[in-house]
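J.: Sequence and predicted structure below; questions after.
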Amino acid sequence: MNKESTLYVVIFSLIITFVLVLPLSVVNELTKARVEQNKQVAQAYSILVALGLPADKKEPQKVISDYAALEKFKLADNKLVPVSNDEIEQAAKSGFPIQQLFYRGQTPNGLAWGGAFTGPGLWGNLTLALGFDEHIQKITGFQAIAQVETPGLGARIAEPWFTNQFTGQKIPDSGELKFVPGSGEGDADKTNDSVDTVTGATITSHGTRDIVDKAIAEMRTLTAGGVQ
Amino acid sequence: MSQGPYVKVFKENLISNNPILVQVLGICSTLAVTNMLSNTLVMTVGVALVTAFSSWALSLLNKWIPRKVRMIVQVLVISFWTIIVDIILRAYAPEISKSLGPYVGLIITNCIIMGRAEAFAQANKPLISWWDGLTSGLGYMVVLLALAIFRELLGFGTLLGIPIFPIDFAGRGNNWTIMVMAPSAFFLVAITLWIFTTVKLNKAAGGKK
């Protein structure tokens, strides 16, 4: 058959596409469970660390079981309503997962509240795990669950020097934490009103600040309203 | 002494026909990833492997590929290997996958891969095409790593995240912010090209005397 004929081109294109897509589907199928487990462990780890609880990614089963043991709440009429792990699983299976969950855990320093909060970054949405002490006076932890910021710039919000500065950070009475240009090593002073921004990533830093401030306001309102 | 074809390809791709310094290909990713050495290392290993296996596969398929759809087939093959790298990173190195974010997928658009497919793999046998792809990736890696060492050191004062320079060594509240941003890569790539071309021209002139 003539290699340049339309029929040959069509048949060749179909065959080459099939030959390449088939192994991709097989590799995807073989790794799907592992990728999903990595995602679940990463999310559970982020929530535990944000609440100020010990977690080690090298022990994924313990991370999952510690996460399962947390008290979980959903929003109903702007109130926190307890929800069980079974209910969350059923909702996910039904195709209508619970949109936002809040968490409460007993830490060595007392009760802690937390959740995953989303807002815009530079290239897409940022989802941050944030934890607070019982009376929302201090941040207990900060982790980036999902972000698509520029590697080496905005993506540095996921690095320990940035996340560690939130652990134990006092929340100002205004509820608005200041993000200021710093040394690039993080602000070690937990009693002031500020943390360091990521140098060269202004929009990501502003997005992070807005999510943190919104989360503080939301948690203060919700926890003041009590649990149903 | 005559060189074997593999040694010749290696030398060409690393020095005399270096993808960055001579062909000026793959500049977009050079600007983007070189502010951190760890990201640069993973990205360049990914590009080297994708270039090697894409060139190998395209050389293998060459006699069956119709000329009018050859570029579409090249993109298809390059995408295949890039997605394989992406899936493997997501499954077995989730932290690296997370830190590189969308850059892994962008390997598909790296001009070096298609450049080698067009310039070499079309006219050569699979094994040497694989070697050409791999060594082109190595040539790209060497230059990017050198740039990343400068940018991370001056931008963050660290290497692979390990502090080397004291914080605030530039004495202005933080390190050289511009080294973290893409413009510094423009300057550094231009300076590197300038030095390389000057040395090359001097050598050529010296040889003629």
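T.: Noted; the coordinates are in hand. Everything numeric in this text was worked out from a predicted model, so none of it was measured. Residues are numbered from 1 along each chain as shown, chains lettered A, B, ... in the order given.
J.: so who does residue 16 touch?
T.: You didn't pick a chain, so chain A it is. B:61, B:73, B:76 (Cβ atoms under 8 Å, 6 or more residues apart in numbering or on different chains). Every residue, glycine included, has its C-beta placed from N, CA and C.
J.: actually chain B
T.: B:Val22.
J.: following the longest helix along chain A, which helix or strand comes up?
T.: If you go by DSSP state H, chain A has its longest helix at helix A:6-51. For helix A:6-51, the succeeding helix or strand toward the C-terminus, using DSSP states H and E, is helix A:60-68.
J.: got a markdown table for the contacts of A:Ile16, with pLDDT and secondary structure too?
T.: Supplementary listing: those in a markdown table, determined by pLDDT from 0 to 100; DSSP: H, G, I helix; E, B strand; the rest coil:
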| residue | pLDDT | secondary structure |
| --- | --- | --- |
| B:Leu61 | 94 | helix |
| B:Val73 | 94 | helix |
| B:Leu76 | 94 | helix |
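J.: ok, and the most crowded of those?
T.: The most crowded member of the contacts of A:Ile16, judged by other Cβ atoms under 10 Å in any protein chain shown, is B:Val73 (22 neighbours).
J.: who touches the closest residue to that residue other than its chain neighbours in this structure?
T.: Nearest residue to B:Val73, sequence neighbours excluded (Cβ to Cβ, 6 or more residues apart in numbering or on different chains): B:Ile65, at 5.2 Å. Counting by Cβ under 8 Å, 6+ apart, B:Ile65 touches A:12, B:58, B:73.
J.: I'd like to know how far the residue nearest to the spatial centre of chain A sits from chain B.
T.: Nearest residue to the geometric centre of chain A (Cα atoms, centre = their mean): A:Ile145, 2.4 Å. The gap separating A:Ile145 from chain B is 10 Å, by Cβ to the nearest Cβ, to the nearest Å.
J.: Same check on A:Asp133?
T.: Taking Cβ to the nearest Cβ, one finds A:Asp133 at 28 Å from chain B.
J.: Tell me if I'm right that that residue and A:Gly105 touch.
T.: No - A:Asp133 lies out of contact with A:Gly105 (Cβ atoms under 8 Å); the separation is 11.4 Å.
J.: what's the overlap in contacts for these two?
T.: Common neighbours of A:Asp133 and A:Gly105 (Cβ under 8 Å, 6+ apart) are A:111-112.
J.: Between those two, tell me which one has more neighbours.
T.: A:Gly105 (22 against 19).
J.: Quick check on the more buried one: phi, psi?
T.: phi -140, psi 150 (degrees, to the nearest 10).
J.: Give me the residue ranges of the chain where confidence is low.
T.: Chain wasn't specified; assuming chain A. A:183-184, A:226-228 (pLDDT under 70).
J.: wrong one, I was asking about chain B
T.: Residues of chain B that meet the cut-off, pLDDT under 70, sit at B:1-2, B:166-175, B:207-209.
J.: Closest to the centroid, which residue in it?
T.: B:Tyr140 (3.1 Å).
J.: near chain B, which residues of chain A?
T.: A:3-4, A:8-9, A:12-13, A:16-17, A:20, A:23-24, A:27-28, A:31, A:34-35, A:38, A:42, A:123, A:147-153, A:155, A:158-159, A:181-185, A:199-200 (Cβ under 8 Å from any Cβ of the partner chain).
J.: Just the buried residues out of these, in ChimeraX syntax.
T.: Of those, the buried ones go into a single ChimeraX selection, burial set by 16 or more other Cβ atoms under 10 Å in any protein chain shown:
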select /A:9,12,16,20,31,35,38,42,123,147,148,149,150,151,152,153,155,158,182,183,184,185,199,200
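J.: Do I have it right that the residue nearest to the centre of chain A meets A:Ala42?
T.: Yes - in this structure, A:Ile145 is within contact of A:Ala42 by Cβ under 8 Å, at 7.0 Å.
J.: May I have stretch B:132-141 as PDB, with CA atoms only?
T.: Only the C-alpha atoms of stretch B:132-141 are listed here, as PDB (Å, rounded to 0.1, in the frame of the first residue of the first chain):
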ATOM      1  CA  ASP B 132      21.600  10.600  20.800                       C
ATOM      2  CA  GLY B 133      18.400  11.400  22.800                       C
ATOM      3  CA  LEU B 134      20.000  10.500  26.100                       C
ATOM      4  CA  THR B 135      23.200  12.500  25.500                       C
ATOM      5  CA  SER B 136      21.200  15.500  24.200                       C
ATOM      6  CA  GLY B 137      19.400  15.300  27.500                       C
ATOM      7  CA  LEU B 138      22.700  15.100  29.300                       C
ATOM      8  CA  GLY B 139      24.000  18.200  27.400                       C
ATOM      9  CA  TYR B 140      20.800  20.000  28.500                       C
ATOM     10  CA  MET B 141      21.200  18.800  32.000                       C
END
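J.: What are the buried residues along the helix ranked longest in chain B?
T.: Scanning chain B for the helix with the most residues, using DSSP H, yields helix B:126-156. Of all the residues in helix B:126-156, those buried under the rule 16+ other Cβ under 10 Å are B:126, B:128-144, B:147-148, B:150-156.
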